[in-house]
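Asker: pasting the structure only:
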């Protein structure tokens, strides 16, 4: 489920329930620039390790970004590296135990 058109909050809850049974380590990201989509977030986040899933959340009614997303990595080491590496440009936190992408990802 990498890439795609983003997820509404309703879809997020359904995906979260499915992800609860998936192996992996999550990083919550908030403060994304409104123009950042899943492809751009994946491009920026892939340097830290193997991504299993990338989601950027959008409002169902308006299609506007909520400016937050979720990254799912295959290892704690990769997730920790992403949370640390995205700091300064994103508020990234390990989803189990993240600072804001205020500018567009380059």
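Answerer: Yep, it's here. Just so it is clear, the model here is predicted, and its values are computed rather than measured. Residues are numbered from 1 along each chain as shown.

Asker: drop to CA atoms for contacts and neighbour counts, all remaining ones
Answerer: OK.

Asker: nearest residue to residue 24 other than its sequence neighbours?
Answerer: Leaving aside its sequence neighbours, residue 24 sits nearest to residue 74 (Cα to Cα, 6 or more residues apart in numbering; 4.7 Å).

Asker: give me the neighbour count for that neighbour.
Answerer: 17 (other Cα atoms under 10 Å).

Asker: and it, what does it touch?
Answerer: 23-25, 49-52 (Cα atoms under 8 Å, 6 or more residues apart in numbering).

Asker: any idea which of those residues is the one closest to residue 82?
Answerer: residue 49 (8.0 Å; Cα to Cα).

Asker: do I have it right that the closest one meets residue 73?
Answerer: Yes - using Cα atoms under 8 Å, residue 49 is in contact with residue 73, at 6.8 Å.

Asker: higher neighbour count, these two?
Answerer: The neighbour comparison of residue 49 against residue 73 (other Cα under 10 Å) goes to residue 73, with 25 against 18.

Asker: returning to that earlier point: biggest separation within the contacts of residue 74, which pair?
Answerer: 23 and 49 (14.8 Å).

Asker: tell me which helix or strand comes right after whichever helix or strand residue 56 is part of.
Answerer: Taking DSSP states H and E as the definition, one finds residue 56 inside strand 51-58. Per DSSP H and E, strand 51-58 leads on to strand 65-73 as the next helix or strand towards the C-terminus.

Asker: show me what that next one is packed against.
Answerer: Strand 65-73 sits against strand 25-30, strand 51-58, with contacts defined as 3 or more Cα pairs under 8 Å, 6 or more residues apart in numbering; DSSP states H and E.
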